[in-house]
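Student: here are the coordinates; sequence isn't available:
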């Protein structure tokens, strides 16, 4: 579960509307719990530097590190990341899954058509098959509590 303050939700929605038709992105800071309830305290907007910002998002690595430093200076942990899908849907795309790199963190996705927010945790692990062990990677939907 991820707890998202109303003010943070509204700020992210406003950025998504202003950024349309491109995807917006940023980092969520607060209290991180790998298997439990994470609480967002703040959002850190980032510039989308993807080559095709209408269909993808990418945070510049140097800007991401600067955001992480600001977060730590404020006594926050990295709760996760957010981005928008201006033309829907509010769930991870194949590209999102291919680019996810932070296990157990939340990936909040804002859809504008329809207007909806969804959140997923990126899970990694080992799964045994009859022939061999293979790593599994998947998004698991998590409950978003606004308040």
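Tutor: Great, that's in hand. Just so it is clear, the model here is predicted, and its values are computed rather than measured. Numbering: from 1, shown residues only.
Student: where does the chain have low pLDDT?
Tutor: The model of the chain has pLDDT under 70 over residues 125-137.
Student: Longest strand in it, please.
Tutor: Longest strand in the chain, counting residues (DSSP state E): strand 115-128.
Student: Could I get the buried residue list for that strand?
Tutor: 117-122 (16 or more other CB atoms under 10 Å). For the C-beta atoms, the positions are set from N, CA and C on the backbone; glycine is no exception.
Student: other SSEs contacting that strand?
Tutor: Applying 3 or more CB pairs under 8 Å, 6 or more residues apart in numbering; DSSP states H and E, we find strand 115-128 packed against strand 2-4, helix 6-19, strand 106-112, strand 133-142, strand 144-146.
Student: Tabulate the ones you listed (CSV), appending mean neighbour count.
Tutor: What follows is those, written out as CSV (neighbours: other CB atoms under 10 Å):
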stretch, mean neighbour count
strand 2-4, 23
helix 6-19, 16
strand 106-112, 23
strand 133-142, 12
strand 144-146, 14
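Student: Tell me which of those approaches residue 66 most closely.
Tutor: Smallest distance to residue 66 across the helices and strands packed on strand 115-128 (CB to CB): 18.2 Å, for helix 6-19.
Student: just how off-centre is the very next helix or strand once past that closest one within its chain?
Tutor: Next helix or strand after helix 6-19 toward the C-terminus (DSSP states H and E): strand 25-31. In terms of CA atoms, centre = their mean, to the nearest Å, the gap separating the centre of strand 25-31 from the centre of its chain is 8 Å.
Student: Kindly calculate the angle that strand 25-31 makes with strand 115-128.
Tutor: 70 degrees (axes from the mean of the first three to the mean of the last three CA atoms, to 10 degrees).
Student: No further queries at this time; thank you.
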